[in-house]
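Chemist: Next comes the sequence, and after it the predicted model I'd like to discuss.
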Amino acid sequence: MKIFVTRKIPDRGIAALAAKGWAVVVNPHDKVLSKSELIGALREGQYDAVLCLLTDKIDADVLDAAGKQCKIFANYAVGFDNINLKAAAERGITVTNTPGVLSDSVAEHAFALILAIAHRIAESDRFSRAGKYHGWEPFLLLGTDVSRKTLGIVGLGRIGSRVAHHAAKGFDMKVLYYDLKRNENFEKEVQAEFRANADDIFREADFISIHVPLTPETRHLADTRRFQLMKPTAYLVNTSRGPIVDEAALRDALKAGTIRGAAIDVWEHEPELTPGLADLENIIITPHTASATEETRQKMGELAAQNIIEKLEGRTPPNLVQT
């Protein structure tokens with residue numbers, strides 16, 4: 001068997017594939033391959049499996065280049081909006097992802113952003129490094145408390161429920177949530193309240209944390225209309241997918257004081273940031289690093305490798321993405 005890995009990843013996943021005696025070819029360049037480079041590599045190698053990343057755009061042309069011998073594209077991510085699932089299904093190619101193993105790290109990052117934007121941590125760091133601190137002042141860089149405030153969760157999957165757990169159990173926050181399905185067991189666990197309309201979350205919460213997948217329905221879920229529903233003292237946090245937030249609308253809301261602050265780990269046009277956002281003090285911007293812990297990135301590689309092993313040995317991979 002031959003496996004192509006589109007970019008270097010932590011070693012355990014690659015080692016698991018190599019331990020099978022299979023040929024594992026890793027892109028020698030530590031960069032995202034262009035579409036033409038990826039197509040060229042796949043045509044040349046004639047691989048049985050491809051371990052790809054969220055930054056790889058896997059469309060019909062790429063799938064065709066993989067050839068009929070390629071049985072699986074194993075995405076090194078929980079999301080899979082980078083892959084044309086319909087085209088893969090038409091070609092009989094299995095698609096898998098790596099859910100679950102990154103839930104804790106992303107939830108921790110999301111809550112770290114909540115704390116950091118509320119307490120103006122990044123802004124205070126910049127202020128101090130610039131030599132602007134000349135002594136304690138009563139009104140210097142005043143933030144807001146997180147404890148006992150209201151957290152709104154938009155999308156109650158594994159990550160959203162973990163953020164809610166931290167909020168309720170660690171900071172005595174009131175939790176509201178919106179999801180397509182109501183979860184009464186979760187409500188009992190953290191005394192959460194369900195809202196059938198996402199508008200109610202934007203209207204009622206002091207902090208909003210977004211955890212929905214990117215679909216045509218969720219694109220620009222957070223837009224000008226919903227920012228206007230929010231309290232002027234409220235904060236928005238996004239660790240899901242960039243295009244779920246209309247960044248131009250977010251920039252304008254932050255500049256106008258429509259909302260107090262925001263923190264984003266994912267960007268609408270990655271790796272490009274919407275002009276003007278970086279100039280604002282009331283936003284924290286991290287570069288898609290919510291799952292960037294040593295433990296999590298190793299587990300993602302191991303799970304992607306396991307998906308490939310199961311498929312190539314004739315079994316059903318544990319993390320099939322349904323078309």
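Modeler: That came through, no problem.
Chemist: For the rest of this, base every contact and every neighbour count on C-alpha atoms.
Modeler: OK.
Chemist: Give me the residues contacting the helix or strand A304 falls within.
Modeler: Assigning secondary structure by DSSP states H and E places A304 in helix 294-312. Helix 294-312 is contacted from outside by 9-14, 16-17, 48-49, 51, 71-72, 74-77, 96-98, 101-102, 105, 291, 316-319, using CA atoms under 8 Å, 6 or more residues apart in numbering.
Chemist: Now list the buried members of those residues.
Modeler: 9-10, 12-14, 16-17, 48-49, 51, 71-72, 74-77, 96-98, 101-102, 105, 291, 317-319 (16 or more other CA atoms under 10 Å).
Chemist: So A248 versus G242, what's the distance?
Modeler: Applying CA to CA, to the nearest Å, the value for A248 to G242 is 12 Å.
Chemist: Which of these two has more residues huddled nearby?
Modeler: It is G242, of A248 and G242, that has more neighbours when counted by other CA atoms under 10 Å, with 20 against 17.
Chemist: tell me, how many neighbours does N307 end up with?
Modeler: If we define neighbours as other CA under 10 Å, then N307 has 27 of them.
Chemist: so what pLDDT did the most centrally placed residue in the chain get?
Modeler: Nearest residue to the geometric centre of the chain (CA atoms, centre = their mean): S240, 3.7 Å. pLDDT for S240: 97.
Chemist: ok, now which ones touch it?
Modeler: I210, H211, V212, P213, L214, D265, V266.
Chemist: just checking, the fourth one touches N82?
Modeler: No - using CA atoms under 8 Å, P213 is not in contact with N82, being 11.9 Å away.
Chemist: So for the two, which residue has more residues nearby?
Modeler: Each of P213 and N82 has its neighbours counted (other CA under 10 Å); P213 has more, 18 against 15.
Chemist: any idea where the helices of the stretch 201-323 of the chain begin and end?
Modeler: 224-229, 247-256, 294-312 (DSSP state H, counting those that start in this stretch).
Chemist: right, and those helices - which one's nearest G157?
Modeler: helix 294-312 (17.7 Å; CA to CA).
Chemist: Any buried residues in that closest one, and which?
Modeler: Buried residues in helix 294-312 (16+ other CA under 10 Å): 296-309, 311-312.
Chemist: Looking at those, which is nearest E137?
Modeler: Closest to E137, out of all of the buried residues of helix 294-312 and judged by CA to CA, is T296, at 40.9 Å.
Chemist: tell me the strands in this protein, going along the chain?
Modeler: Taking DSSP state E as the criterion, the chain carries its strands at 2-5, 23-26, 49-53, 72-76, 94-96, 150-154, 174-178, 193-194, 207-210, 235-238, 261-264, 283-285.
Chemist: Mind giving me the packing neighbours of the fifth one?
Modeler: In this structure, strand 94-96 makes packing contacts with strand 72-76, helix 85-90, judged by 3 or more CA pairs under 8 Å, 6 or more residues apart in numbering; DSSP states H and E.
Chemist: what about the ones you listed, which gets the closest to V146?
Modeler: It is, among these and with distance given as CA to CA, strand 72-76, at 33.5 Å.
Chemist: for the buried residues of helix 294-312, which one is nearest L273?
Modeler: Once CA to CA is applied, the member of those that ends up nearest L273 is R297, at 24.6 Å.
Chemist: Sweet, I'm off.
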